[in-house]
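Colleague: coords please:
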Amino acid sequence: MKNRVNVLVIDDEENILWLFKEGLSDERVNIITADNSVDGLAVLEGESIDICFVDIFLGDVNGIELVREWSEKFPLVHFLIMTAQDTGSNVIESIKSGATDFFPKPFDLVELKNKIYSLSGGKTVSVELDPEVYDYETKNRKMLEIYKLIGKISGANINVLINGESGTGKEVIARMIHEQSNRNDRAFIPINMAAIPSELLESELFGHIKGSFTGAITDKKGKFEEAHHGTIFLDEISEMDFGLQSKLLRVIQEKEITPIGSSRTVNLDTRIIAASNKDLEELVRGSKFREDLFYRLNVVSIDLPPLRERKEDIPYLAGHFLRKHSGIKNRVLALSKESMTALTKYRWPGNIRELENVIQYAIVNSETEEITPSCLPEKLFKTVEESGGGSLSSELSKLASNILESEALAESYNAFEEYMKIVEYPLIKAVLDRTSGNKSVSAKLLGINRNTFRKKVKDHDLE
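Modeller: The predicted structure follows:
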């Protein structure tokens, strides 16, 4: 086995090549660079390359198409795609092209190095599918990871469980998985388990024959049969009656259904995507949801963040809803800077669904082509005033979010330590000012050991 990992970096930006060379070269990693696809291909053909980073735009060459071609030609190479334009469609298409991973710019060198080290072993396998572009823009790292996961699992015939608060877009993610899969030419059947009375749900799911119960005047095909060769989306699965859960479990195990009142079985080839706004594991512990059904549904789990944890995406989402509903007033509308500030400060308990409702409300209220704060619901501004905008609690929450977002994926990063360093500094400085630099008195005022206080003073350069 070689002592060093050979890493090829193909990018037409000189500073990126310099960053890789200076920041990642060490006794384990050998960085080779190329500033165009022709030279990059020559290196791949002439050298033993383990990992190859490819920029998504190399002049007029598309990096995704290069990786699609090269991953077949060089199956032992891990290809990783880089870009400053980290839209959802780019993430998904990158993974589907055969790339092992996707890295948005600017880079975290610790994360890059950890990835290089982790890939020094075997080659991962990715599924090749027909391309279908979905442009769900995001700057949120959790959402980018979800898009990567979709690119990996969409072609596999496995069940998926989507967890998230109401209004976070669980059905959107389910549709995305379906449209990216090789079932996308067949039906996607959504059904809200909470919206249908329990006594009617079995018939809705599995169908019935004429005369099987009062009111069954004709044969009816169930949603599972309608989704044959396609995908069924079982929203709010936690609301399913416990007895019906056992019948669903049998459908998953046997891959067949029996309509109510019928003796015949219907074979099924249906992918199941379920969703819940409740903690199913907690329901399992409380004997309110079948454990065996939970594990059947939870082959792959996707946890959607609430909108308050992805506020950097509010401008994209608001713009999307403006375009979607602009027909209400038959003109192009834009949000003023003040309106956008109000949207980003609001807590959004109803998540993306609530944001869409607010945008529709604002469009109806607008008198000009610009949506001003007067067009928005009053609740947005009450929330801003009550929270104090820049209150201590609000600022500390922002700090925590920023710390977790910036470095959360780096294994060597200690988020708690970083947070405490920042919030400790003003306290240590204030107590030293108050005691005229007397460390013993300062330690006593803070209620901590004098040696511990001295160390903190030294750590914060406050000697």
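Colleague: from here on, contacts and neighbour counts on C-alpha atoms
Modeller: Noted.
Colleague: and the contacts of stretch 166-182?
Modeller: In this structure, residues lying in contact with stretch 166-182 by CA atoms under 8 Å, 6 or more residues apart in numbering are 129-132, 134, 150-151, 153-156, 162-164, 184, 188, 190, 230-231, 233, 235, 273, 275, 277, 304-307, 350-354.
Colleague: among these, name the buried ones.
Modeller: Neighbour counting with 16 or more other CA atoms under 10 Å marks 129, 134, 150-151, 153-155, 162-164, 184, 188, 190, 230-231, 233, 235, 273, 275, 277, 304-307, 350-352, 354 as buried within the contacts of stretch 166-182.
Colleague: now the helices for the stretch 101-250 of the chain?
Modeller: Assigned by DSSP state H, counting those that start in this stretch, the stretch 101-250 of the chain shows helices spanning 109-118, 141-153, 170-179, 198-206, 223-226, 242-254.
Colleague: adding distance to residue 340, write the ones you listed out as CSV.
Modeller: Formatted as CSV, the helices of the stretch 101-250 of the chain follow (distance: least, CA to CA, whole Å):
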stretch, distance to residue 340
helix 109-118, 32
helix 141-153, 21
helix 170-179, 24
helix 198-206, 42
helix 223-226, 41
helix 242-254, 44
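Colleague: redo the ones you listed as a markdown table? Include distance to residue 23 and mean pLDDT.
Modeller: Supplementary listing: these in a markdown table, determined by distance: least, CA to CA, whole Å; pLDDT from 0 to 100:
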| stretch | distance to residue 23 | mean pLDDT |
| --- | --- | --- |
| helix 109-118 | 7 | 75 |
| helix 141-153 | 22 | 85 |
| helix 170-179 | 36 | 91 |
| helix 198-206 | 56 | 86 |
| helix 223-226 | 53 | 91 |
| helix 242-254 | 50 | 92 |
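Colleague: nearest to residue 52 among those helices would be which one?
Modeller: helix 109-118 (9.9 Å; CA to CA).
Colleague: so who does residue 35 touch?
Modeller: The neighbours of residue 35, taking CA under 8 Å, 6+ apart as the test, are 10-14, 17.
Colleague: try residue 335
Modeller: Neighbour list for residue 335: 370-372 [criterion: CA under 8 Å, 6+ apart].
Colleague: backbone torsions only: list them for it.
Modeller: Recorded main-chain torsions at residue 335 are phi -90, psi 130, according to degrees, to the nearest 10.
Colleague: phi, psi of residue 276?
Modeller: The main-chain torsion angles of residue 276 are listed as degrees, to the nearest 10 and equal phi -150, psi 140.
Colleague: tell me the contacts of the residue nearest to it when sequence neighbours are not counted?
Modeller: Distance criterion CA to CA, 6 or more residues apart in numbering; nearest residue to residue 276, sequence neighbours excluded, is residue 236 at 4.6 Å. For residue 236, the set of contacting residues under the criterion of CA under 8 Å, 6+ apart consists of 192-194, 274-277.
Colleague: where's the dip in pLDDT among the residues you listed?
Modeller: Scanning those for pLDDT, the smallest score is found at residue 194, 87.
Colleague: so it touches residue 234, yeah?
Modeller: No - in this structure, residue 194 sits apart from residue 234 without contact. The criterion is CA atoms under 8 Å, and the distance is 9.9 Å.
Colleague: more neighbours: which of those two?
Modeller: Taking other CA atoms under 10 Å, residue 194 and residue 234 do not tie; residue 234 has more neighbours (23 against 16).
Colleague: show me the contacts for the more buried one.
Modeller: If you count contacts by CA under 8 Å, 6+ apart, residue 234 has them with 190-193, 272-275.
Colleague: how close does the spatially most central residue of the chain sit to residue 307?
Modeller: Here the mean C-alpha position of the chain is nearest to the C-alpha of residue 143 (CA atoms, centre = their mean), at a distance of 2.2 Å. As for residue 143, its distance to residue 307 is 11 Å (criterion: CA to CA, to the nearest Å).
Colleague: same thing with residue 82?
Modeller: As judged by CA to CA, residue 82 and residue 307 stand 26 Å apart.
Colleague: do the same with residue 447
Modeller: With distances taken as CA to CA, residue 447 is found 39 Å from residue 307.
Colleague: can you pull out the helices in the stretch 251-400 of the chain?
Modeller: 280-285, 291-297, 314-325, 337-345, 351-365, 378-387, 392-407.
Colleague: among those, which is nearest residue 216?
Modeller: Set against residue 216 and scored by CA to CA, the helices of the stretch 251-400 of the chain come closest in helix 291-297, at 29.1 Å.
Colleague: the closest one - what's its average pLDDT?
Modeller: On average, the pLDDT along helix 291-297 is 95.
Colleague: fine by me, thanks again.
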